[in-house]
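Undergrad: Everything below, folded, please.
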Amino acid sequence: NASSAFEQSSDKSKGFLIVQTAPGKVVTHRGGTITLPCRYHHEPEDVDPNHIRIKWTKVSDAFQFEDVFVELGRQQKAFGSYRGRVSLERAGPGDASVIIHNITLQDYGRYECEVTNDMEDDTGFVNLDLEGVVFPYYPPSGRYKLNYHQAEEVCRQQDAILASHAQLHKAWLEGLDWCNAGWLEDGSVQYPISQPRVQCGRKDSPPGVRNYGYRHKDDECYDAFCFTSNLNGRVYFLKRFKKVNYLEAVKACQRDDAVIAKVGQLYAAWKIQLLDRCEAGWVEDGSIRYPIVNPRTRCGGPEPGVRNLGFPDKKFRLYGVYCFRRNTDVQSTQAPKETITKPANSTRSI
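TA: Here you go, the predicted structure:
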């Protein structure tokens with residue numbers, strides 16, 4: 001019985017209207033399709049269905065509300081970036097579940113399902129999680145140069161969003177160790193330590209995610225922790241006879257019907273597509289990086305990861321290049337409709 005997987009969000013003493021949503025979270029990836037489960041039961045059962053309003057809203061950590069979808073009788077409306085991507089599942093009486101197609105990074109988060117009739121209303125919540133990868137980022141200008149708004153923008157420029165605390169904590173559980181503090185999407189500043197050491201707090205402190213708390217978004221500067229998910233395309237190292245400077249690298253990708261890869265795209269290719277290449281190459285922000293899934297001698301140390309050699313002179317330093325070619329068939333990233341009602345990590349841990 002599918003409804004047994006639902007939990008009751010609240011219990012009205014008279015029970016005129018009860019909304020039930022999925023416990024845990026539902027999990028998908030960028031480009032996928034997902035159902036956010038929500039059911040309702042009302043008494044008396046002969047309420048005119050044209051008087052029942054179903055409304056879905058996205059709720060941020062700061063309790064800001066973004067309208068997603070509303071239906072009243074036969075009237076429906078989707079809002080903002082959800083237009084053309086959202087519909088009700090309609091699996092039977094009492095089903096208020098919503099289907100979101102072509103999931104984006106910005107869809108990650110917490111959703112409220114509200115059902116209202118002439119006498120009562122009730123709500124339930126569903127958490128939408130994405131498979132993906134967290135990566136630390138700092139710009140060519142150096143470490144601790146980004147206020148909150150600049151951190152948001154550099155993540156966006158690198159095909160990512162600012163990571164949440166839950167995403168950073170999960171990355172720490174998978175081994176992420178980074179000694180520089182960075183902004184998260186809720187305005188806090190944190191950093192993950194797997195191997196405590198003197199230069200990263202204190203050596204005798206336990207491993208964990210260190211937290212500076214909520215900082216001033218305009219005046220204080222740190223690095224950023226970004227999050228990205230599946231690619232609608234492929235990252236690859238462009239095979240060439242000679243190494244090139246940055247401008248030549250950009251043109252070389254264009255001649256190959258591609259573009260120079262962004263940092264987030266290289267991380268997604270490493271984590272999700274298991275790209276492993278022991279050759280340093282230019283990426284879009286002017287840094288030199290290379291992805292290692294299987295660590296080996298002369299490939300940058302004993303741990304897997306995306307190696308970063310910094311930001312060399314764009315004109316005179318010569319390297320290879322990582323390109324990104326987008327899939328021409330948009331449907332190739334669409335996943336079958338899936339609803340997972342428990343925490344899941346189907347991305348291979350590296």
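
Undergrad: make it CA atoms for all contacts and neighbour counts henceforth
TA: Will do.

Undergrad: pull the helix or strand with minimum mean pLDDT from this protein.
TA: strand 7-8 (a mean of 45; mean pLDDT, DSSP states H and E).

Undergrad: what's the following helix or strand after that strand?
TA: Per DSSP states H and E, the first helix or strand lying C-terminal to strand 7-8 is strand 17-21.

Undergrad: Who are the packing partners of that following strand?
TA: strand 7-8, strand 38-42, strand 109-116, strand 121-130 (3 or more C-alpha pairs under 8 Å, 6 or more residues apart in numbering; DSSP states H and E).

Undergrad: Mean neighbour count and distance to Phe241 for these - can I get that in JSON lines?
TA: Shown next, in JSON lines, are the helices and strands packed on strand 17-21 (neighbours: other C-alpha atoms under 10 Å; distance: least, C-alpha to C-alpha, whole Å):
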{"stretch": "strand 7-8", "mean neighbour count": "16", "distance to Phe241": "61"}
{"stretch": "strand 38-42", "mean neighbour count": "21", "distance to Phe241": "57"}
{"stretch": "strand 109-116", "mean neighbour count": "21", "distance to Phe241": "46"}
{"stretch": "strand 121-130", "mean neighbour count": "21", "distance to Phe241": "39"}
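
Undergrad: Distance of the nearest residue to Phe237 once chain neighbours are set aside relative to Val134?
TA: Distance criterion C-alpha to C-alpha, 6 or more residues apart in numbering; nearest residue to Phe237, sequence neighbours excluded, is Tyr322 at 4.5 Å. Noted for Tyr322: a distance of 20 Å to Val134, by C-alpha to C-alpha, to the nearest Å.

Undergrad: These two - which one has more neighbours?
TA: Tyr322 (30 against 26; other C-alpha atoms under 10 Å).

Undergrad: partners of the helix or strand hosting the more buried one in the sheet?
TA: Here Tyr322, judged by DSSP H and E, is contained in strand 320-326. In the sheet, strand 320-326 lines up against strand 233-237 (antiparallel), strand 259-260 (antiparallel), strand 281-282 (parallel) (DSSP bridges).

Undergrad: Kindly compare burial across these and name the winner.
TA: Among these, strand 281-282 has the highest mean neighbour count (mean count of other C-alpha atoms under 10 Å), at a mean of 30.

Undergrad: tell me the mean pLDDT over that one?
TA: The pLDDT scores in strand 281-282 average 98.

Undergrad: Likewise for stretch 253-270?
TA: Averaged over stretch 253-270, pLDDT sits at 97.

Undergrad: distance between the ends of that stretch?
TA: End-to-end distance of stretch 253-270 (C-alpha to C-alpha): 19 Å.

Undergrad: can you pull the buried residues of it?
TA: For stretch 253-270, a neighbour-count test (16 or more other C-alpha atoms under 10 Å) marks 253, 258-270 as buried.
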